[in-house]
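K.L.:
Sequence below, structure please.
(one chain, ligands or ions: 2)
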Amino acid sequence: MSLSVFAKRSFKQCRTNLGPTLLALSHKKVTLFACSPYYRNLEVSSIYKAQLSFTALFSKIFKNKSTNVGKIPKKPSFYLLSQSPIKAIVEKGKIISEHGVCPICDQLEAKNSINLSNQTDSSANPPSYRGKKPTFECPGCGYPTHCSEEHWKLDQHHKTDICSHLKTANIDEHDLRSGRKMPEFEFPASQAPELIVNLSNWDTYFYTRNFLTIKSNQAVRHVSKILTYPITIASIIHPYSPFAQKKAFTPEGIKSIGAIQTTLREHELAKSDQNLASLINPIRIFVLGARSEAMLPVAVYLQLYYLIPSSLITIYFVGPECIPSPDESRNTVAVSSRLVLKYHKGLFHDMLWSFAPFDPYTDIFFMFNPGVGHPLTKNAWKPTIEKLLETKCGIFATGFSDSDMSNDIDLLNNEFTNKFDWLLKPTPNPFSSLKRDFAINDLRVWAQSNMNIYGFRGKLYEVEKTQ
Ligand SMILES: [Zn+2]
Ligand SMILES: [Zn+2]
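P.N.:
Numbers count the residues shown, from 1 in each chain. Ligands and ions are numbered 1, 2, ... in the order given. A predicted model of the protein is given here:
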């Protein structure tokens, strides 16, 4: 269908400005970057957490008058980190210089350790980095990437594969903290049901949902980082799911999603049928291992509801790092009469009975960048996966990089062999965050939230006749 079909819009847009909501969250010492999954094994993350709180990040977005030090650039700009007018970014550069690695020194060390290990015990753990600290700032990206100009010149991999992405990250971070008015965070409200949304990718979604204020790739990167969570959920359960359009769901996946969509259709019918309305149950979306996705302003999840506006939805955020309000009565937030968010701190398998029974027609699970196969987190995930498979409900998970997802898939294949069916084979997520986050202890490592996605469900055994 041609996009020009959607060009004419007669209804008046009533926009949600997330500024005040994000500012209201600023008292919570919550971090976006530290919540990034790959920080789970970084020792330095705690130092960095303090500097990249919501206070630090979003108060700058929505205040024209910044209280930060130095002169704030008016336009998106590029600086060497040490010369940034933003104090937190200067500090970030110092932390990278202190805890990071020079890739060339690292390669030389690796060569030496191979030679040494040939002479000594090869089963010994690899030694920690003992190369020089990366204090030389690359003029291309502004980050302290190498120990010296000499090593920087030798590093072709940095020039061809990393530098341009780090430069983008540099410019984006300065832009977010620039104090400029950020209209891209003003999201559209509901739209007329006859206007069909195209969920093929970010571009078609923004266009058909009338995100009029998104006018640059940079704005898309900023917004995709927070909308990746609700829109990834929508891309699975929506009647126009891109995975259904591309026939990516397996036959079992079609059955599982079909069950959820049956309930969504009932919700739609119930709008005009009082008797049915008294019988319907909400769709329960469980977001397990919830971290940053549970800390977003509730209005972000309205964008999911606007895509399926007849539905009744309750989203449960569950996880040890999910931070509910100290006031327990506020751990249930009714965003509207049809969308409720609930927050539970703890491990899902420990609080299973507070959510049981489960029903594949109403219940679906999401795990965003969970690290199911990560050495540090896999033991905590195993009992949860076991219980999830018993529910026979659909489970969808994402990975923040190819290797992250392949670790998760390996764990599922090795530990739960023959216990699950694929609903969606591992595939790129069209609604991944478009922003790359770099590991501060090694700038060669990066993550992109929800980059890939896959789905599975506990195996349904056929009833067999016995003789
Ligand atoms: Zn070096
Ligand atoms: Zn560079």
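
K.L.:
who in the stretch 1-150 of the chain is up against ligand 2?
P.N.:
138, 140-141 (Cβ under 5 Å from the ion). C-betas here are computed from N, CA, C, even on glycine.

K.L.:
and of these, the nearest to residue 206?
P.N.:
residue 141 (27.8 Å; Cβ to Cβ).

K.L.:
That closest one reaches residue 171, doesn't it?
P.N.:
No. Judged on Cβ atoms under 8 Å, residue 141 makes no contact with residue 171 at a distance of 9.6 Å.

K.L.:
more neighbours, the two?
P.N.:
residue 141 (25 against 19; other Cβ atoms under 10 Å).

K.L.:
Now that one: closest residue in space, sequence neighbours ignored.
P.N.:
residue 166 (3.6 Å; Cβ to Cβ, 6 or more residues apart in numbering).

K.L.:
Repeat that for residue 401.
P.N.:
Nearest one to residue 401, counting by Cβ to Cβ, 6+ apart, is residue 447 at 5.7 Å.

K.L.:
how about the helices of the stretch 151-300 of the chain, start to end?
P.N.:
156-157, 163-176, 202-208, 217-237, 242-245, 251-270, 274-277, 298-307 (DSSP state H, counting those that start in this stretch).

K.L.:
Convert the C-alpha atoms of the fourth one to PDB, please.
P.N.:
Think helix 217-237. The C-alpha trace of helix 217-237 is given here as PDB (Å, rounded to 0.1, in the frame of the first residue of the first chain):
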ATOM      1  CA  ASN A 217      17.900  10.500  11.800                       C
ATOM      2  CA  GLN A 218      19.200  11.800  15.100                       C
ATOM      3  CA  ALA A 219      15.600  12.300  16.300                       C
ATOM      4  CA  VAL A 220      14.800   8.700  15.200                       C
ATOM      5  CA  ARG A 221      17.800   7.400  17.200                       C
ATOM      6  CA  HIS A 222      16.700   9.400  20.400                       C
ATOM      7  CA  VAL A 223      13.100   8.200  20.200                       C
ATOM      8  CA  SER A 224      13.800   4.600  19.100                       C
ATOM      9  CA  LYS A 225      15.800   4.100  22.300                       C
ATOM     10  CA  ILE A 226      12.700   4.400  24.400                       C
ATOM     11  CA  LEU A 227       9.900   3.400  22.000                       C
ATOM     12  CA  THR A 228      11.700   0.100  21.200                       C
ATOM     13  CA  TYR A 229      10.000  -1.500  24.200                       C
ATOM     14  CA  PRO A 230       6.300  -0.800  23.600                       C
ATOM     15  CA  ILE A 231       6.600  -1.000  19.800                       C
ATOM     16  CA  THR A 232       8.500  -4.300  19.900                       C
ATOM     17  CA  ILE A 233       5.600  -5.700  22.000                       C
ATOM     18  CA  ALA A 234       3.100  -4.300  19.400                       C
ATOM     19  CA  SER A 235       5.000  -5.800  16.500                       C
ATOM     20  CA  ILE A 236       4.400  -9.300  18.000                       C
ATOM     21  CA  ILE A 237       0.700  -9.000  19.000                       C
END
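
K.L.:
pLDDT weak spots in the stretch 351-467 of the chain?
P.N.:
For the stretch 351-467 of the chain, the stretches with pLDDT under 70 are 462-467.

K.L.:
Residue 422 is in contact with residue 456, correct?
P.N.:
Yes. With contacts defined as Cβ under 8 Å, residue 456 counts as touching residue 422 at a distance of 5.6 Å.

K.L.:
returning to that earlier point: out of the residues of the stretch 1-150 of the chain next to ligand 2, which are inside strands?
P.N.:
Using DSSP state E, no member of these sits in strands.

K.L.:
what sits against residue 140?
P.N.:
159, 163-164, 167 (Cβ atoms under 8 Å, 6 or more residues apart in numbering).

K.L.:
that older thread, now render the residues of the stretch 1-150 of the chain next to ligand 2 as CSV, adding distance to residue 433 and pLDDT.
P.N.:
Formatted as CSV, these follow (distance: Cβ to Cβ, whole Å; pLDDT from 0 to 100):
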residue, distance to residue 433, pLDDT
138, 24, 97
140, 24, 96
141, 20, 96
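
K.L.:
Just give me the closest of those to ligand 1.
P.N.:
residue 138 (12.5 Å; Cβ to the ion).

K.L.:
coming back round to it: contact partners for the residue nearest to residue 141?
P.N.:
Per Cβ under 8 Å, 6+ apart, neighbours of residue 166: 138, 141-143, 145, 438, 443.

K.L.:
ok, of those residues, which one's closest to ligand 1?
P.N.:
residue 145 (9.6 Å).

K.L.:
Now do the same for that closest one: helix, strand or coil?
P.N.:
Three-state call for residue 145 (DSSP: H, G, I helix; E, B strand; the rest coil): strand.

K.L.:
Surely it is in contact with residue 154?
P.N.:
No. Judged on Cβ under 8 Å, residue 145 makes no contact with residue 154 at a distance of 11.8 Å.

K.L.:
okay, the two: which has more neighbours?
P.N.:
residue 145 (28 against 14).

K.L.:
Excluding chain neighbours, what is closest to the more buried one?
P.N.:
Closest residue to residue 145 in three dimensions, ignoring its sequence neighbours and counting by Cβ to Cβ, 6+ apart: residue 138, at 4.5 Å.

K.L.:
ok, now residue 352?
P.N.:
residue 387 (5.6 Å).

K.L.:
One more: residue 374?
P.N.:
Per Cβ to Cβ, 6+ apart, closest to residue 374 is residue 407, 6.1 Å.

K.L.:
Check the secondary structure at the one you found for me.
P.N.:
Note that with three-state DSSP, the state of residue 407 is helix.

K.L.:
Spit out the contact partners of it.
P.N.:
Residue 407 neighbours (Cβ under 8 Å, 6+ apart): 371-374.
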